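Peer 1: okay, here's the prediction I keep looking at, along with the sequence it came from:
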Amino acid sequence: MKLIQLSWQGLLALLLCLAAALTLPLFADGAPEPIPSSIVALVFFLIVVTAIFSQSTLPAPITAAILFLGAHETAWLLLSQITGNEGKAQPSFFLLIAAGWLLAWRCVSVLSSIRPRSDLGNYGLRMLIPAIFGAWILIIWEAVTRGAGVSLVLLPPPSAIGASIAGSLPTLWIDIQQTIFKSVLIGYIIGCASGFVVAILADRFAFLRRGLLPIGNFVSALPIIGVAPIMVMWFGFDWQSKAAVVVIMTFFPMLVNTVAGLAAAGNIERDLMRTYASSYWQTLFKLRLPAAAPFIFNALKINSTLAMIGAIVAEFFGTPMSGMGFRISTENGRLNLDMVWAEIAVAAIAGSVFYGIVAILERMTTFWHPSIRGGKT
């Protein structure tokens with residue numbers, strides 16, 4: 001029975017570990033907080049043992065668990081020693097971080113080869129793989145910015161951004177209420193709903209379809225920075241003007257996608273509905289709208305990100321003393337980059353959650369559609 005399955009990530013991690021051993025120490029001489037030799041030895045031990053196990057033919061879940069623990073324990077030990085030694089990291093430190101990253105890469109590769117038997121296991125695996133990928137983006141970001149002593153003005157580390165979020169929760173909550181709960185949600189609902197209704201009318205009346213769609217392509221090309229000041233002049237400095245920008249940005253994607261979706265129903269199905277003497281509205285609700293559901297949800301997902309972008313950019317051109325765009329603009333002028341990145345992180349999380357909710361609703365609503373059933377593994 002084959003006992004070894006060569007992994008290039010594991011082999012390269014061993015080579016990087018050897019290179020790090022030849023270029024010790026991890027931090028420059030005279031570092032304020034020298035790293036204990038026991039910690040250094042433990043890091044090397046973890047990388048070597050984990051890299052060796054990555055070559056084994058153990059069951060995939062066991063191999064993945066060993067790789068996960070080894071890679072992340074290595075990263076935690078290294079990052080925990082940076083405090084007090086910012087800007088003092090030597091090449092050996094970054095080589096060991098790279099070795100840990102390669103082991104995490106191997107972990108993701110092994111996890112990707114697993115085929116769970118239950119829907120819960122499949123869902124958990126689909127969440128775990130991108131979580132590991134995202135965690136290592138933050139780990140490398142933290143190691144580079146703190147280990148190399150990158151200025152906070154240029155790029156703060158994730159730990160500083162997290163501390164800024166934790167220390168500014170009341171301010172962030174006020175900004176979320178102003179931007180997301182008012183401008184984004186209201187503008188998103190109005191824009192998507194009106195785009196859907198107009199798409200139904202455009203499908204029913206050919207002159208609307210021929211006249212509106214070219215205008216939709218034109219309006220979609222308008223820059224936000226040109227539209228936002230006009231909306232502020234028309235609707236004032238409060239959330240109404242930002243919601244108006246969101247309506248403009250979400251209306252035409254919904255219109256175009258819904259019109260395209262309504263045309264997606266096949267001729268055979270339409271002929272069958274005619275043989276049943278179905279009216280236009282019966283055909284619309286029982287055949288064409290269900291067939292258009294993936295197109296409609298595609299527009300909803302696109303608009304979930306466009307709405308966030310439109311509302312935040314619009315707040316740069318006038319807003320009350322709150323809002324995510326207002327805070328980013330103000331704190332950037334003060335060079336308070338931690339707060340700027342905190343707002344960006346919160347906006348990214350909120351946008352991802354918004355997109356995820358729409359995607360879940362899509363699966364719950366269109367589970368019967370071939371595009372959804374065919375995507376299941």
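Peer 2: Cool, got the structure. Residues are numbered from 1 along each chain as shown.
Peer 1: other residues contacting the helix or strand that contains Leu213?
Peer 2: In this assignment (DSSP states H and E), Leu213 forms part of helix 206-220. Outside helix 206-220, the residues that touch it by CB atoms under 8 Å, 6 or more residues apart in numbering are 198, 201-203, 248, 252-253, 255-256, 259. Where C-beta positions appear, they are placed from N, C-alpha and C, glycine not excepted.
Peer 1: switch the cut-off to 7 Å
Peer 2: For helix 206-220, contacts defined as CB atoms under 7 Å, 6 or more residues apart in numbering pick out 198, 201-203, 248, 252, 255-256, 259.
Peer 1: swap in stretch 72-80?
Peer 2: 39, 42-43, 46-47, 93, 96-97, 100, 139, 142-143.
Peer 1: mind running it again at 8 Å?
Peer 2: Here stretch 72-80 makes contact (CB under 8 Å, 6+ apart) with 26, 39, 42-43, 46-47, 50, 93, 96-97, 99-100, 103-104, 135-136, 139, 142-143, 146.
Peer 1: with stretch 318-327 instead?
Peer 2: So stretch 318-327 is contacted by 171, 174-180, 183, 229, 232, 237-239, 241-242, 311-316, 339-340, 343, 346-347 (CB under 8 Å, 6+ apart).
Peer 1: pull out the buried positions in that stretch.
Peer 2: Within stretch 318-327, the residues that count as buried by 16 or more other CB atoms under 10 Å are 318-319, 322-327.
Peer 1: of the residues you listed, just say which sits nearest to Gln55.
Peer 2: Among the buried residues of stretch 318-327, Met324 lies closest to Gln55 (CB to CB), at 47.8 Å.
Peer 1: mind listing what the residue nearest to Ile165 when sequence neighbours are not counted touches?
Peer 2: In space, and not counting its chain neighbours, Ile165 is closest to Ala342: 4.6 Å by CB to CB, 6 or more residues apart in numbering. Counting by CB under 8 Å, 6+ apart, Ala342 makes contact with 161, 164-165, 168, 172.
Peer 1: list the buried residues of the host helix or strand of Ala342.
Peer 2: According to DSSP H and E, Ala342 maps onto helix 337-365. Applying a neighbour-count criterion of 16+ other CB under 10 Å, one finds 337-343, 345-347, 350-351, 354-355, 358, 362 buried in helix 337-365.
Peer 1: what do you get for stretch 255-265?
Peer 2: By neighbour count with 16+ other CB under 10 Å, stretch 255-265 contains the buried residues 255-262, 265.
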